[in-house]
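S.K.: Sequence plus predicted model, see below.
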Amino acid sequence: MVVARASRGVVVSIGWRTVAAYEAVPNTACWGGTALNGGLQIPQPSKLVRLLHRLDERAREMEYRSKIKDELVDQLFKAILSLETMEECYRFFEDLCTVNEIKSLAQRLEVARMLKEKKTYSEIAEKTGASTATISRVNRFLLYGSDGYNIVLDRISKKQSR
């Protein structure tokens, strides 16, 4: 949570979302007993402090919590993060997964990339061979999931544009 002084008040942000803004009013009770920059003070300090505590609680509730987190999954992800080259990735995943599992994961990533490019379901199905159920599921995770597809696709896009 970030509390920042704006030109005429205070803005409270959680992550990239602005969740509250207060216009500063001269000569009113101040927050915490001190005037903010420029002598402007925030009215009704107790309400603001209560709001900030509630926002801080909500921010903690909104933190990402994985549904799959456990020691074995942590071990798997550490192994994946230890891979240094494309060849090492091929070697590891060929030992770890079946060919169909790898192809299915690759297909979903391509579906996500095409959905971000605003391709139609029929275009995606034709190019990837994915069913409309798979395309719909990937789309749902793109829009409402844990943001994993977006993180990876944005990073890939940045690397390719260099």
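M.R.: Looks like it arrived, so ask away.

S.K.: okay, and for the protein, where does confidence drop off?
M.R.: 1-49, 53, 56-62 (pLDDT under 70).

S.K.: In three-state terms, label residue 64 for me.
M.R.: coil (DSSP: H, G, I helix; E, B strand; the rest coil).

S.K.: Backbone dihedrals for the nearest residue to it once chain neighbours are set aside, please?
M.R.: Leaving aside its sequence neighbours, residue 64 sits nearest to residue 146 (C-beta to C-beta, 6 or more residues apart in numbering; 6.4 Å). C-betas here are computed from N, CA, C, even on glycine. Backbone torsions of residue 146, given as degrees, to the nearest 10, read phi -90, psi 10.

S.K.: I'd guessed residue 146 sits against residue 68; true?
M.R.: No: distance between residue 146 and residue 68: 10.0 Å, which falls outside the contact criterion (C-beta atoms under 8 Å).

S.K.: who's more crowded, those two?
M.R.: residue 146 (13 against 10; other C-beta atoms under 10 Å).

S.K.: Please tell me how far that one sits from residue 116.
M.R.: 16 Å (C-beta to C-beta, to the nearest Å).
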